[in-house]
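S.K.: no letters, just coordinates:
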């Protein structure tokens with residue numbers, strides 16, 4: 001292939017991927033602080049941003065938001081085949097006859113909406129009428145990694161862009177001093193892989209940026225010894241001059257992304273340290289969340305999520321680990337629920353009192369549910385295995401009708417029997433709240449138009465305002 005033809009093909013690829021990206025860059029420069037994508041929304045949006053509280057490990061629906069009194073009546077009895085319906089077991093369960101396991105927890109109806117919740121949710125019950133529950137979520141993968149990948153990217157196979165990356169690509173950022181997609185991680189437990197917030201085949205500027213709770217808020221954010229801010233600025237300016245020269249030669253869109261990354265990192269040196277300093281918050285606010293400046297926690301991350309939302313970050317992903325209860329599920333819940341209850345409720349109240357809840361979509365849930373039968377049959381110390389057939393999540397704000405209980409599972413919490421919501425339906429609903437038609441937000445890669453929902457999914461209109 002001669003050089004002229006090769007340059008034409010590279011240029012054609014660049015133009016098809018960026019859809020006139022140079023023009024968008026010029027508009028952004030004229031607009032000052034805006035870094036919004038030229039794709040934009042397809043219809044009026046109710047939400048401007050998303051805060052996704054991801055409970056990694058798969059919380060048990062029977063111990064949180066979907067009480068099943070029938071389990072107590074049938075405790076210890078074999079799981080009927082009429083309920084199982086041929087579902088495959090994981091390798092951790094196969095080899096013995098599973099027996100139904102009751103939940104030892106007490107439930108109560110909260111708020112005027114009458115949401116049934118574990119009574120350990122003392123704080124979340126106080127904002128129950130702001131929440132909408134989906135008890136009929138279902139997914140496809142049965143193990144953690146593909147299930148988290150599926151929830152975040154719409155595919156159980158790695159390599160697709162994450163939801164936050166899709167929103168960055170589709171809507172851009174509201175604040176040029178911060179990334180459009182930020183990730184915060186708390187607690188130990190099930191391993192988390194950085195590809196859960198990867199940009200996949202989208203330009204690398206759309207990758208999620210993980211903020212650290214210790215040391216540099218972002219890795220390598222501080223200047224090395226002997227380099228001050230003025231020198232760093234001059235260094236970046238010279239590097240980007242060379243990058244722009246190279247870009248003019250080959251028209252590779254990744255050079256554009258590299259230029260953006262250098263410039264964003266420089267701006268973040270000024271914006272991120274102030275953002276991450278919780279000491280500026282009032283004592284009343286810190287106490288409401290249970291946050292302690294300088295002590296990494298889920299509570300601190302929820303408060304940081306509100307601060308990020310205020311500053312126009314498009315997609316804020318919190319990962320809270322420790323929900324993988326293969327053993328001692330009842331006692332584990334007595335520890336785990338109080339760790340998240342107060343911060344989650346505080347986030348809803350804080351967003352609401354600041355006028356942010358109406359255009360901030362808050363989502364809370366894990367990658368799948370847990371089985372209604374016990375694992376290992378160890379007396380009272382039983383756990384629950386992975387269960388993709390049904391699980392519960394809750395949503396608030398951002399175009400979602402409050403106070404709704406949507407979907408139902410059977411008496412054993414094993415199968416969806418009414419208004420099932422597949423993961424792709426949830427993703428389509430999230431995009432709809434942000435003014436995006438999930439079928440139209442696409443990106444051509446290797447000859448095919450890809451989207452977050454693959455070739456599936458429908459917005460759940462019954463949930464929308």
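M.R.: It's in. Everything numeric here is computed off the predicted structure, so don't read it as measured data. Numbers count the residues shown, from 1 in each chain.

S.K.: on the three-state scheme, residue 264 is what?
M.R.: helix (DSSP: H, G, I helix; E, B strand; the rest coil).

S.K.: from memory it sits against residue 175, does it?
M.R.: No. Contact criterion C-beta atoms under 8 Å: residue 264 and residue 175 do not qualify, at 10.6 Å. (Glycine included, C-beta is placed from N, CA and C.)

S.K.: can you verify my assumption that residue 339 contacts residue 290?
M.R.: No. Using C-beta under 8 Å, residue 339 makes no contact with residue 290, being 9.2 Å away.

S.K.: quick one: residue 162 and residue 67, what's the gap?
M.R.: 33 Å (C-beta to C-beta, to the nearest Å).

S.K.: which is the next helix or strand following the helix or strand bottoming out on mean pLDDT in the chain?
M.R.: The helix or strand with the lowest mean pLDDT-type score in the chain, counting by mean pLDDT, DSSP states H and E, is helix 21-31 (a mean of 35). Using DSSP states H and E, the helix or strand that follows helix 21-31 towards the C-terminus is strand 49-55.

S.K.: so which residues make contact with that next one?
M.R.: 148, 151, 163-164, 167, 174, 302, 305, 309, 312-320, 323, 340, 344, 347, 359-367, 398, 430, 434 (C-beta atoms under 8 Å, 6 or more residues apart in numbering).

S.K.: apply 6 Å and report the result again.
M.R.: 305, 309, 314-320, 323, 360-364, 366 (C-beta atoms under 6 Å, 6 or more residues apart in numbering).

S.K.: now swap in stretch 435-451 and tell me
M.R.: 41, 42, 43, 45, 170, 201, 428, 431, 453, 457.

S.K.: how about that stretch: buried residues?
M.R.: For stretch 435-451, a neighbour-count test (16 or more other C-beta atoms under 10 Å) marks 435, 436, 438, 441, 443, 450, 451 as buried.

S.K.: related to what we said a few turns ago, now for the contacts of strand 49-55: which two are most distant?
M.R.: 314 and 323 (26.0 Å; C-beta to C-beta).

S.K.: more neighbours, the two?
M.R.: Ranked by neighbour count (other C-beta atoms under 10 Å), residue 314 and residue 323 place residue 314 first, with 27 against 24.

S.K.: burial of the closest residue to that one other than its chain neighbours, as a residue count?
M.R.: Counting by C-beta to C-beta, 6 or more residues apart in numbering, residue 314 lies nearest to residue 180, which is 4.2 Å off, once chain neighbours are set aside. When neighbours are defined as other C-beta under 10 Å, residue 180 has 29 of them.

S.K.: residue 87 too?
M.R.: Quick note: residue 87 (other C-beta under 10 Å) scores 14 neighbours.

S.K.: got it, and residue 410?
M.R.: Neighbours of residue 410 under the rule other C-beta under 10 Å: 16.

S.K.: check residue 289 too.
M.R.: For residue 289, the neighbour count with other C-beta under 10 Å is 26.

S.K.: got the contact list for it?
M.R.: Taking C-beta under 6 Å, 6+ apart, one finds 299, 302, 303, 343, 346 in contact with residue 289.

S.K.: low-confidence stretches in the stretch 351-465 of the chain?
M.R.: Across the stretch 351-465 of the chain, the ranges flagged by pLDDT under 70 are 376-379.

S.K.: which residues of it fall in strands?
M.R.: Ranges of strands in the stretch 351-465 of the chain, per DSSP state E, counting those that start in this stretch, are 360-365, 369-370, 386-387, 391-396, 405-406, 408-409, 416-418, 421-422, 443-445, 448-450.

S.K.: return the most buried member of the ones you listed.
M.R.: strand 369-370 (a mean of 30; mean count of other C-beta atoms under 10 Å).

S.K.: may I have the strands that pair with it, each with its orientation?
M.R.: In the sheet, strand 369-370 lines up against strand 386-387 (antiparallel) (DSSP bridges).

S.K.: any idea how far the strand it pairs with is from the chain center?
M.R.: Strand 386-387 sits 20 Å away from the centroid of its parent chain (C-alpha atoms, centre = their mean, to the nearest Å).

S.K.: contacting residues around stretch 58-68?
M.R.: Everything outside stretch 58-68 that qualifies as a contact, by C-beta under 6 Å, 6+ apart, is 103, 105, 107, 116-118, 133, 135, 323, 329, 333, 366-370, 384, 391-392, 413.

S.K.: I'd like the average pLDDT over that stretch.
M.R.: Stretch 58-68 comes out with an average pLDDT of 98.

S.K.: start and end of it, how far apart?
M.R.: Stretch 58-68 has an end-to-end distance of 18 Å (C-alpha to C-alpha, to the nearest Å).

S.K.: relative to residue 432, how far out is residue 425?
M.R.: Distance of residue 425 to residue 432, computed by C-beta to C-beta: 10 Å.

S.K.: most widely separated two among the buried residues of stretch 435-451?
M.R.: Using C-beta to C-beta, the buried residues of stretch 435-451 span at most 20.2 Å, a distance reached by 435 and 450.

S.K.: for the protein, which residue occupies the most central location?
M.R.: In the chain, the centroid-proximal residue (C-alpha atoms, centre = their mean) is residue 52; its distance is 3.9 Å.

S.K.: which residue ranges of the stretch 1-150 of the chain form helices?
M.R.: Assigned by DSSP state H, counting those that start in this stretch, the stretch 1-150 of the chain shows helices spanning 3-18, 21-31, 70-73, 81-84, 144-153.

S.K.: and those helices, which one is worst for confidence?
M.R.: Taking the mean pLDDT of those, helix 21-31 comes last: a mean of 35.

S.K.: for stretch 437-450, measure first residue to last.
M.R.: Distance across stretch 437-450, first residue to last, is 14 Å (C-alpha to C-alpha).

S.K.: likewise for stretch 53-72?
M.R.: Stretch 53-72 has its terminal residues 31 Å apart, counting by C-alpha to C-alpha.

S.K.: cool, and stretch 412-425?
M.R.: So stretch 412-425: terminal residues 24 Å apart, C-alpha to C-alpha.

S.K.: now do it: everything it contacts.
M.R.: Outside stretch 412-425, the residues within contact range by C-beta under 6 Å, 6+ apart are 61-62, 66, 68, 83, 134, 136-139, 150-151, 372, 389-390, 406-410, 453, 456-458, 460.

S.K.: list buried residues within those.
M.R.: Taking 16+ other C-beta under 10 Å as the criterion, what is buried in these is 61-62, 66, 68, 83, 134, 136-139, 150-151, 372, 389-390, 406-407, 409-410, 453, 457, 460.

S.K.: hey, where'd the strands end up in the stretch 201-350 of the chain?
M.R.: Under the criterion DSSP E, counting those that start in this stretch, the stretch 201-350 of the chain contains strands at 209-210, 315-320.
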